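Asker: Got a sequence here, can you model it:
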Amino acid sequence: MSTDLGMPMPPARPAPPFPPEVRARLEVDAKEVIGRYPQARSALLPLLHLVQAEEGYVTGTGIEFCADVLGLTTAEVTAVVTFYTMYRRRQGGDFQVGVCTNTLCAVMGGDEIFASLKDHLGIGNKETTADGVITLEHIECNAACDYAPVVMVNWEFFDDATPQSAKELVDDLRAGKAAVPTRGARLCTFRDTSRILAGFPDERPGAVDEGGAGGVPSLVGLRIANGTYTDAPPRATDTPARAAEGKAAAEAADQDGEQAP
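Answerer: Presented below is the predicted three-dimensional model:
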């Protein structure tokens, strides 16, 4: 049971445990995660991603599993789950589509993008399409102001978005078409993304090398500081071009920085 805000209510009874075979598999993964930290409780955040990868959201079962393997109370785990917005508290779609509606993105069109997606998909904030593909969410900040307005899908960036590009994006996702972020690796499902965020390797061939370098607009401040900024940087729209520009700009900025007194 939960409130309208998605906050968990005290359960009337303990959540059912994972099936034995699932529990055994998760315990192996949890042991690996916990081993990365000098104190076991420090592994809570990645373990929550791990159980989210199992069920698509953090259930009472997942909370009790994390509490058990870390020696915490379920109240302590629940406090963390409800603090961080990357943990879902209800079942959602394969693709979490977040639209930044914070100040700069809003000024640049984020509110219009969010409104157009709600109308286009026929769902509201934190709701999921009937086919189970898209969950729509407004995000306070995607930390990508240099490419505003920004849409994120499973935490990968789609920069310089417009209402039309956003609608085409969700249509492609619902049609099963490949959607390539403007920077970052190609998309995978929300569950697969959660497992990667738990600290396990992205085993898709070539995916690790698809991240690219920092984009040109992201490095303007560094170029100004180094005295190498001359004009407004281009805003590439395709991933290869942006990666090439970002790499060249980063190398130039690094070289200039090394030569600076």
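Asker: I figured V80 hits L44, correct?
Answerer: Yes - the criterion here is CB atoms under 8 Å, and V80 meets it with L44 at 5.8 Å. In this view, the C-beta of every residue, glycine as well, is placed from N, C-alpha and C.
Asker: which one of those two has more residues nearby?
Answerer: Neighbour tally, V80 and L44, criterion other CB atoms under 10 Å: the higher count belongs to L44, 21 against 17.
Asker: How about the contacts made by that one?
Answerer: Shown in contact with L44 (CB atoms under 8 Å, 6 or more residues apart in numbering): C66, L70, L72, V77, V80.
Asker: what do you get for L117?
Answerer: By CB under 8 Å, 6+ apart, the contact set of L117 is V97, V99, L136, P163, A166, K167, V170.
Asker: at 10 Å what do you get?
Answerer: Each residue near L117 by CB atoms under 10 Å, 6 or more residues apart in numbering is listed here: V97, V99, I123, I134, L136, H138, V151, P163, A166, K167, L169, V170.
Asker: hang on, the earlier thing: quick check: neighbours shared by V80 and L44?
Answerer: C66, L72.
Asker: Report the two of the contacts of L44 separated the most.
Answerer: Within the contacts of L44, L70 and V80 form the most distant pair, 10.7 Å apart (CB to CB).
Asker: residues bridging contact with those two, i.e. touching both?
Answerer: R41, L44.
Asker: could you dump the contacts of L44 to TSV with pLDDT?
Answerer: Converted to TSV, the contacts of L44 look like this (pLDDT from 0 to 100):
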residue	pLDDT
C66	98
L70	97
L72	97
V77	97
V80	96
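Asker: Compare those and tell me which is most surrounded.
Answerer: Going by other CB under 10 Å, C66 tops the contacts of L44 with 27 neighbours.
Asker: My reading is that that residue lies in a helix. Confirm?
Answerer: Yes - assessed by DSSP: H, G, I helix; E, B strand; the rest coil, C66 belongs to a helix.
Asker: dump the residue contacts of it.
Answerer: With contacts defined as CB under 10 Å, 6+ apart, C66 is in contact with 26, 30, 41, 43-45, 47-48, 50-51, 58, 72, 74, 76-78, 80-81.
Asker: Produce a PyMOL select command limited to the buried residues of the residues you listed.
Answerer: Buried members of the contacts of C66, defined by 16 or more other CB atoms under 10 Å, are picked up in PyMOL with:
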select buried, resi 26+30+43+44+45+47+48+50+51+58+72+74+77+78+80+81
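Asker: mind showing which ranges of the stretch 1-150 of the chain have poor pLDDT?
Answerer: For the stretch 1-150 of the chain, the stretches flagged by pLDDT under 70 are 1-12.
Asker: show me where it has strands.
Answerer: Here the stretch 1-150 of the chain has its strands, by DSSP state E, counting those that start in this stretch, at 95-100, 127-128, 134-139.
Asker: and of those strands, who's closest to G176?
Answerer: Closest to G176 of these is strand 95-100 (CB to CB; 11.2 Å).
Asker: Just name whatever secondary elements that closest one is in contact with.
Answerer: Packing partners of strand 95-100 (3 or more CB pairs under 10 Å, 6 or more residues apart in numbering; DSSP states H and E): helix 103-108, helix 110-121, strand 134-139, strand 151-153, strand 156-158, helix 163-174, helix 190-197.
Asker: Which one of the contacts of L44 is nearest to G211?
Answerer: Distances from G211 to those, taken by CB to CB, are shortest for V80, at 27.4 Å.
Asker: Check the gap between that closest one and A43 for me.
Answerer: 12 Å (CB to CB, to the nearest Å).
Asker: what distance separates the start and the end of stretch 177-194?
Answerer: Separation of the first and last residues of stretch 177-194 by CA to CA, to the nearest Å is 21 Å.
Asker: returning to that earlier point: using CSV, lay out the strands of the stretch 1-150 of the chain together with mean neighbour count.
Answerer: As requested, the strands of the stretch 1-150 of the chain are exported to CSV (neighbours: other CB atoms under 10 Å):
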stretch, mean neighbour count
strand 95-100, 25
strand 127-128, 18
strand 134-139, 22
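Asker: can you list those in a markdown table and add distance to P14?
Answerer: Putting these into a markdown table (distance: least, CB to CB, whole Å) gives the following:
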| stretch | distance to P14 |
| --- | --- |
| strand 95-100 | 29 |
| strand 127-128 | 27 |
| strand 134-139 | 28 |
